[in-house]
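Asks: This is a predicted model, with the sequence first.
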Amino acid sequence: LIDAALTYTKDKGNLELAYHLSTFRNDNQSLSWENPFAELSGNSGQYGQLALEPDNDFQQLRLSGGYQLPRNNYLTAVLSSGLMTQDQDFLPYTTNESIDGNTLPGDSLDGEIRQNIAQIKLNSRPLRDWQFNASYRYHDHDNNTPQATYTYPVADSLPPGKTGKNEEDLTAINQPLSYTRNTTRLDGRYRFNRALSLQLGYDLEDTRRENSEVDETDERTLWGKFKWKHNPSSLDGWIRAGYITRDGSGYNPSVDSYNLYIDNPLLRKYHLADLERSELRMLFNYTPLQRLTLSANLAYSEDDYTESLIGLTGASNRSATLEASYAPTDKVSTYAYYTRDLIESEQAGRETAPSTSGASFTENHQANWYADLRDTMDNFGIGTQWQDAIPRIDLGADYVYAHSQGESELGQPEATAFPNLATDLYSLKLWARYRQSPQLSYKLSYWRDRFTSEDWALDGVSPTSSDSPTSLFMISDSPEYDVDIIMLSLRYNF
């Protein structure tokens, strides 16, 4: 990584020119493994091979600045241009020398993405109690990677372009995604007095895409925020409500080289599908004592995917955080918090089945199973910091416990729900910092993590759990680990 910047400031304005370079090099180009079924088929290879993360580069030039205009107006602007490249040589389709015709469409992907961003923002306060903000952002993501057709063998054991079932070509054409996004934000705030204010805003995001199921989407957000502060009891907070709609130009299901649907044509990917969302957020801070602060952060959102028949059709997200911080002395501070997140979602799907003669398009692709999913996350944390516990030595400790659980319920009476999923994380951090001088300090830290999980899809699976004689599963139960880390760091302030 290389970051370099040149800054100029004078009177009411400032200007900065910055350059960023990121390069990634991987000396391990591939992962190989022995084929345990080589003797079961006459045209199987002895080894399989998988490409690993390729070498790639990213560089960006960025110009930004700001200027103080008359009548309490401040203008900022940003221009940036970036280039991503990736031309790592391809590995062969297969290591099986008995398979002929495995010719790649080129030596490498020859990937190139150009990214140009322009943004301008105006902050205005023409009157004492009025404040306005306006911004516009242009983001062009131009993927110039050439398209090519790739014909590949399956499991290093079949001729390229053929399967043992229907002898149809197995081909894939890469779809370089490009998009241009225009985002406009407007908001205004009126302050009734020192304690009360009201803010209203409107955001518009227009996105145009290439090689995507949806060519254009418009996302509109209307929101309002009421903020208050009550000095006698030190009670302050805000409430923010918003309504979001997303409309698309029409969904074009992806098809393969034979013009056959790759996915169910009624499937709508949730980040592209038409959407209506209502959201509410609240924050409350209360300071009953000078050294004690209590806070509560609440959030709720409801999503409705109005045109989705297959896929995610609805979701709700509820979150609550309670936090307390207490400083018994000027040199000792403590905190504790608890957070619960609850995500409930509704999905509709279809089990693959042959089309019925005489049935309509919708009847042949409509949902025949439904599921309600419920994910719960609980987080608890506590910590303390003691400055000058011993002269020039600061001490600290933090402990975090996180638990998550995933539940599912299928909509069919005869269906059996999947077992629950669960994870647990225990994390403890202890540290001591020695301040040798105002500029120089040393820090010794100990960090221990313990993670456990339960996943029915992994637990109890043996290498030969499948009835297929040519299927071999990795022996891997649900992830569990214990990690102990000792760190010594030095910090110097110039």
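Replies: Everything's here; your move. Numbering: from 1, shown residues only.
Asks: any idea which element the nearest residue to residue 194 once chain neighbours are set aside lies in?
Replies: Closest residue to residue 194 apart from its sequence neighbours, by CB to CB, 6 or more residues apart in numbering: residue 229 at 7.5 Å. Using the backbone N, CA and C atoms, a C-beta is placed for each residue, glycine as well. Following DSSP states H and E, one finds residue 229 within strand 216-230.
Asks: Which strands or helices does that strand pack on?
Replies: For strand 216-230, the packing partners by 3 or more CB pairs under 8 Å, 6 or more residues apart in numbering; DSSP states H and E come out as strand 196-210, strand 235-248.
Asks: which stretch among those comes nearest residue 259?
Replies: Closest to residue 259 of these, according to CB to CB: strand 196-210, at 19.6 Å.
Asks: Of all residues in this structure, which one is nearest the centre?
Replies: Nearest residue to the geometric centre of the chain (CA atoms, centre = their mean): residue 271, 12.0 Å.
Asks: so how far is residue 145 from that residue?
Replies: 21 Å (CB to CB, to the nearest Å).
Asks: How about residue 212?
Replies: From residue 212 to residue 145 the distance is 15 Å (CB to CB).
Asks: do residue 64 as well
Replies: From residue 64 to residue 145 the distance is 29 Å (CB to CB).
Asks: Same question for residue 425.
Replies: Applying CB to CB, the value for residue 425 to residue 145 is 39 Å.
Asks: Would you mind telling me which of those two has the busier surroundings?
Replies: Relative neighbour count places residue 145 above the other of residue 425 and residue 145, with 18 against 15, counting by other CB atoms under 10 Å.
Asks: Quickly note the distance from that one to residue 174.
Replies: 7 Å.
Asks: Could you do residue 9 as well?
Replies: For residue 9, the distance to residue 174 - CB to CB - is 46 Å.
Asks: Show me which of the two is the more surrounded one.
Replies: Taking neighbours as other CB under 10 Å, residue 9 and residue 174 compare with residue 174 leading, 16 against 11.
Asks: From what I see, residue 251 and residue 215 are in contact.
Replies: No - with contact defined as CB atoms under 8 Å, residue 251 does not reach residue 215; the gap is 9.7 Å.
Asks: Check what contacts stretch 331-341 and list those residues.
Replies: 317-328, 375-389 (CB atoms under 8 Å, 6 or more residues apart in numbering).
Asks: Report all helices and strands that the biggest strand by length in the chain contacts.
Replies: Longest strand in the chain by number of residues (criterion: DSSP state E): strand 369-390. Here strand 369-390 touches strand 332-349, strand 393-410, going by 3+ CB pairs under 8 Å, 6+ apart.
Asks: how about the host helix or strand of residue 447: buried residues?
Replies: For residue 447, the element it lies in under DSSP H and E is strand 440-454. Under the neighbour-count criterion of 16 or more other CB atoms under 10 Å, strand 440-454 has 441, 443, 451, 453, 454 buried.
Asks: repeat for stretch 146-155
Replies: Judged by neighbour count (16+ other CB under 10 Å), stretch 146-155 contains these buried residues: 151, 152, 153.
Asks: Same check on stretch 298-314?
Replies: Result for stretch 298-314 [16+ other CB under 10 Å]: buried residues 299, 300, 301, 303, 305, 308, 309, 310, 311, 312, 313, 314.
Asks: Am I right that the third one is in contact with residue 275?
Replies: No - counting by CB under 8 Å, residue 301 sits too far from residue 275 to count as a contact (11.1 Å).
Asks: which residues touch the closest residue to residue 25 other than its chain neighbours?
Replies: In space, and not counting its chain neighbours, residue 25 is closest to residue 55: 5.2 Å by CB to CB, 6+ apart. Residue 55 is in contact with 23, 24, 25, 26, 86, 88, counting by CB under 8 Å, 6+ apart.
Asks: In strands, which of those appear?
Replies: 23, 24, 86.
Asks: residues near the closest residue to the first one other than its chain neighbours, how many?
Replies: Nearest-residue entry for residue 23: residue 57, 5.1 Å, with adjacent residues in sequence omitted and distances by CB to CB, 6+ apart. Neighbouring residues of residue 57 were enumerated by other CB under 10 Å; the total is 14.
Asks: repeat for the one 4 residues further on
Replies: Residue 61 has 13 neighbouring residues, counting by other CB under 10 Å.
Asks: Can you read off the pLDDT for it?
Replies: Residue 61 carries a pLDDT value of 98.
Asks: can I have the helix or strand encompassing it written out in CSV, keeping just the CAs?
Replies: Using DSSP H and E, residue 61 sits in strand 56-69. The C-alpha trace of strand 56-69 is given here as CSV (Å, rounded to 0.1, in the frame of the first residue of the first chain):
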residue,chain,number,x,y,z
ASN,A,56,-4.2,-7.5,-8.9
ASP,A,57,-3.5,-3.7,-8.7
PHE,A,58,-5.6,-0.7,-7.8
GLN,A,59,-4.6,2.9,-8.1
GLN,A,60,-6.5,6.1,-7.5
LEU,A,61,-5.9,9.8,-7.9
ARG,A,62,-8.1,12.1,-5.8
LEU,A,63,-8.6,15.9,-5.8
SER,A,64,-10.7,17.5,-3.1
GLY,A,65,-11.2,20.9,-1.7
GLY,A,66,-13.5,23.3,0.2
TYR,A,67,-14.3,27.0,0.2
GLN,A,68,-16.1,29.3,2.6
LEU,A,69,-18.6,31.3,0.6
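Asks: What pairs with that strand, parallel or antiparallel?
Replies: strand 13-24 (antiparallel), strand 73-86 (antiparallel) (DSSP bridges).
Asks: Tell me how far the longest one lies from the chain's centre.
Replies: Taking the mean C-alpha point of strand 73-86 and that of its whole chain, the gap between them comes to 22 Å (CA atoms, centre = their mean, to the nearest Å).
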